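Asks: I need the structure of the sequence given here:
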Amino acid sequence: MRIEEYTALIEKVQKEFPEEAEAELQRGARKLRREIKAASPVGHAKHPHKLKNSWKMEIAGTSAKTLEAHIYSTAPHFHLVERGHVWKTPHGKIKGYKQGTHFMEKTVNAEGPGIYDEMGRRLAEKVGVELG
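Replies: Predicted coordinates:
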């Protein structure tokens with residue numbers, strides 16, 4: 001079965017069984033959130049906004065076509081760790097540049113396709129569709 005046929009079949013199943021599709025989306029998003037949490041760097045500073053404990057998830061959308069999962073961090077320094085930032089002294093003099101780790105991007109690119117395939121297989125098994 002080609003990827004286009006597989007994708008079309010999964011979309012058809014999503015339209016016919018929206019509750020099951022939402023449940024599988026939640027399951028897949030929770031798994032991806034766990035993977036991102038495990039990949040989050042652990043800093044040495046003591047503060048209440050640790051990256052590892054800041055990951056949240058919400059499901060948005062009202063129909064199978066608009067259903068999507070949002071995974072985000074509530075830590076105010078997430079973007080600095082992910083994308084990098086300029087190091088400055090307390091007086092504002094630029095000391096250097098700290099390269100970003102891009103841990104979230106790497107994790108989503110590495111784990112995302114496998115989780116998406118697993119979600120499709122599980123959804124098909126729940127509704128009894130043969131994927132071929």
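Asks: For the helix or strand of the chain with the lowest mean pLDDT, which helices and strands make contact with it?
Replies: The least trusted helix or strand in the chain, going by mean pLDDT, DSSP states H and E, turns out to be helix 3-16, with a mean of 73. If you count contacts as 3 or more CB pairs under 8 Å, 6 or more residues apart in numbering; DSSP states H and E, helix 3-16 packs onto helix 18-39, helix 103-127. (Glycine included, C-beta is placed from N, CA and C.)
Asks: Figure out which of these is closest to Ala8.
Replies: For Ala8, the closest of the helices and strands packed on helix 3-16 is helix 103-127, at 11.5 Å, according to CB to CB.
Asks: and the closest one, how far from the chain's centre?
Replies: Taking CA atoms, centre = their mean, to the nearest Å, the mean C-alpha location of helix 103-127 is offset from the chain mean by 10 Å.
Asks: pLDDT averaged over that helix - what is it?
Replies: On average, the pLDDT along helix 103-127 is 89.
Asks: which other residues reach that helix?
Replies: 6, 9-10, 13-14, 16-17, 20-21, 24-25, 27-28, 31-32, 35-36, 39-41, 81-82, 130-131 (CB atoms under 8 Å, 6 or more residues apart in numbering).
Asks: now do stretch 14-30
Replies: Residues from elsewhere that reach stretch 14-30 (CB under 8 Å, 6+ apart): 13, 57, 59, 63-65, 67-69, 71, 115-116, 118-119, 122-123, 126-127.
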